[in-house]
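Peer 1: I would like the atomic coordinates for the input below:
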Amino acid sequence: MECPPLTPCRIAEYLAGLTLVGSSDYCQDSEVSPVRFRALLIALTLCIAAPWAAAQSTTVFVVRHAEKTAEPADDPELSSAGHARAEALAGALADAGIDAIISTQYRRTRDTVAPLARRIGKPVEVIEWQRGDVATQAESLAHRIGRQHAGQQVLVAGHSNTVPAIVAALSGHSIRPISEQTYGQLFIVQLDGHSPGRLIRARFGTAP
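Peer 2: All right, here's what the predicted structure looks like:
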């Protein structure tokens, strides 16, 4: 297929109304069905990969873990709503060509990506996220992705206090803080050798 130039609004057309972050062109955010979302991701991936293959285009999908239980407080598991959202994530990204899945060591992040990992037959790379300097650890993760997963499609599962730093380290764009009650945001960072990267925001699952 022949792909048109990937201007910000052209990308937004592929994503049928999803918000493009970090661009002078503002596009309205909206919900999309899982089936349409999968088709749009495939179209986006094909159109990105063709002209930028030589530059080893890398796409990173960054999510916060799904809804969690209150106990145990130190390492809670997913609630029933969280398990449903994890399955929704698997459905949304099943056809996105994910090459690698990265999660922090906590149960809630590992369980969020587990349905997708099982569906596509990929192992989960568990990273030890320490309490403390979030920005430095996010930069380290961005460098790791650049070294080990250049040219790939990567899913990263983090937390409300780490996802903004990870997105910033990868894309150079700032996003709003994520509240404890916010779930289902999907940040798509497209890296093609240019700085800053392209950042698209989407949603998966039902509104909490």
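Peer 1: quick one: strands adjacent to whatever helix or strand Phe187 lives in?
Peer 2: Using DSSP states H and E, Phe187 sits in strand 185-191. Sheet pairing for strand 185-191, assigned by DSSP bridges, gives strand 58-64 (antiparallel), strand 198-203 (antiparallel).
Peer 1: can I get those strands in JSON lines with mean neighbour count, distance to Ile178 and mean pLDDT?
Peer 2: The way it works is simple: take the backbone N, C-alpha and C, and place the C-beta from them, glycine included. Shown next, in JSON lines, are these (neighbours: other CB atoms under 10 Å; distance: least, CB to CB, whole Å; pLDDT from 0 to 100):
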{"stretch": "strand 58-64", "mean neighbour count": "25", "distance to Ile178": "6", "mean pLDDT": "97"}
{"stretch": "strand 198-203", "mean neighbour count": "22", "distance to Ile178": "11", "mean pLDDT": "93"}
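Peer 1: out of those strands, which comes closest to Ala157?
Peer 2: When the strands paired with strand 185-191 are compared by CB to CB, strand 58-64 sits nearest Ala157, at 5.5 Å.
Peer 1: which parts of the helix or strand that the closest one is followed by are buried?
Peer 2: Downstream of strand 58-64, the first helix or strand assigned by DSSP H and E is helix 80-93. By neighbour count on 16 or more other CB atoms under 10 Å, the buried set for helix 80-93 is 81-83, 85-93.
Peer 1: what's the most distant pair in these?
Peer 2: Most distant of these, by CB to CB, are Ala81 and Leu93, 18.9 Å apart.
Peer 1: Export the strand holding Phe187 to CSV, keeping only CA atoms.
Peer 2: Taking C-alpha atoms only, strand 185-191 is exported to CSV below (Å, rounded to 0.1, in the frame of the first residue of the first chain):
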residue,chain,number,x,y,z
GLN,A,185,-5.0,5.6,29.1
LEU,A,186,-2.7,4.4,26.4
PHE,A,187,0.3,6.5,25.3
ILE,A,188,1.8,5.7,21.9
VAL,A,189,5.3,7.0,21.4
GLN,A,190,6.8,6.9,17.9
LEU,A,191,10.5,7.2,17.6
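Peer 1: Kindly calculate the angle that that strand makes with helix 80-93.
Peer 2: 30 degrees (axes from the mean of the first three to the mean of the last three CA atoms, to 10 degrees).
Peer 1: related to what we said a few turns ago, let me have the strands paired with strand 185-191 in CSV, adding distance to His143 as columns.
Peer 2: Output for the strands paired with strand 185-191, formatted as CSV (distance: least, CB to CB, whole Å):
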stretch, distance to His143
strand 58-64, 12
strand 198-203, 18
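Peer 1: Before I go, just wanted to say thanks for your time.
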